[in-house]
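Q: Take a look and give me a structure for this.
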Amino acid sequence: MCDQQRRVDRREYLTLAGGAGVATTIGLAGCLEDAENGDGEGDNGGNGDGGQTIVPGTAPGFEPFEMNVDGELVGFDIDLLEAVVAETDYELGDWQELEFDGLMPALENENIDVIAAAMTINEERQETIAFSEPYYSADQSVLVQSGGDVEVGDLEDLEGLEVGAQSGTTGEGIIEDELGDDVSYTSYDNYVLAVQELERGTLDAIVIDEPVAESFANDREVEVAFTFETGEEYGFGVRQDDGDLQEALSEGIAAVEESGEYDEITQEWFGE
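A: Next comes the predicted model:
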């Protein structure tokens, strides 16, 4: 990221976001200045120090993993990938911001080199891309409107309701696979839009990753109805033929965990 970019931790994020939540801007570059290695569009050229520059991609609107605050890209994934890459021989280029379901095509087309977007490792995705070793474990939660009339305690209780999720996510897969035509399903480009509809009462419930659900519940007029175990794990996504980068990121994760920096980043964004 640009040297001049101001770092925002979770405490400042909550102050900036306030009760109204975070205003998310999709499609902006993470830095306003051009990187020395070119335009940031998948350029793997040298950085002048002998290291290889990799372009990271993410999908804001998934707090506290990645979001825009006051025009800046911040979050757990942002800080973690920067720390991980610092442990390798690679250099990090400018962040590229996309919709979640556009990340894998961008990776395949070499517009980005690594995905850092709380992406769950699963067999379907591994048919197309490769992953680093896992860096975070999570389950799924169901969000409902605070003080609303919807009372649900398991997935079967969602039958007949208006349910939403972000396109391309595990939450969407669960709705389609477990509930199918038993619910009226609406997909969204990002979860900020879905939560706004939930607050308005347009939706009855949202299926979403547990840590993200907790973050929205802390900041918006929504609450976690229940959480169910899925055993999913997040990893950094790379191209299948980029084994060197895959190995370097996995080793970087291990180094950050061993040094204690992983715990510091986790404490900063989750208070855990």
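Q: which parts of whichever strand or helix holds V212 are buried?
A: Using DSSP states H and E, V212 sits in helix 210-219. In terms of neighbour count (16 or more other Cβ atoms under 10 Å), helix 210-219 has its buried residues at 210-217, 219. Just so you know, the C-beta spots here come from the backbone N, C-alpha and C atoms, and that holds for glycine as well.
Q: Which one of these is nearest to Y234?
A: Nearest to Y234 among those is P211, at 9.8 Å by Cβ to Cβ.
Q: so who does the closest one touch?
A: Residues near P211 by Cβ atoms under 8 Å, 6 or more residues apart in numbering: 64-65, 136, 138, 270.
Q: again, only using 10 Å
A: Counting by Cβ atoms under 10 Å, 6 or more residues apart in numbering, P211 makes contact with 62-65, 76, 118, 136-139, 141, 234, 269-270, 272.
Q: what sits up against the lengthiest helix in the chain?
A: The longest helix of the chain (DSSP state H) is helix 243-259. Residues from elsewhere that reach helix 243-259, judged by Cβ under 10 Å, 6+ apart: 44, 52, 54, 80-90, 113-114, 116, 129-136, 235-240, 242, 261-265.
Q: if you set the cut-off to 6 Å instead, what comes out?
A: Helix 243-259 has contacts (Cβ atoms under 6 Å, 6 or more residues apart in numbering) with 83-84, 87-88, 130, 132-133, 135, 236, 238, 262.
Q: just so I have it, where are all the helices in the stretch 51-200 of the chain?
A: Taking DSSP state H, counting those that start in this stretch as the criterion, the stretch 51-200 of the chain carries its helices at 76-86, 103-108, 123-126, 170-174, 191-200.
Q: Could you single out the most deeply buried of those?
A: Burial of the helices of the stretch 51-200 of the chain is given as mean neighbour count (mean count of other Cβ atoms under 10 Å); helix 76-86 ranks first at a mean of 23.
Q: Could you give the average pLDDT over that helix?
A: Here helix 76-86 scores 98 as its mean pLDDT.
Q: what do you get for stretch 123-136?
A: Stretch 123-136 shows a mean pLDDT of 97.
Q: That one: how far from the chain's middle?
A: Centroid displacement of stretch 123-136 relative to its chain, using Cα atoms, centre = their mean, to the nearest Å, is 14 Å.
Q: residues of that stretch that come out buried?
A: Of all the residues in stretch 123-136, those buried under the rule 16+ other Cβ under 10 Å are 125, 129-133, 135-136.
Q: Which of those residues fall in strands?
A: 130-131, 136 (DSSP state E).
Q: and G201, how many neighbours does it have?
A: Counted with other Cβ atoms under 10 Å, the neighbours of G201 add up to 12.
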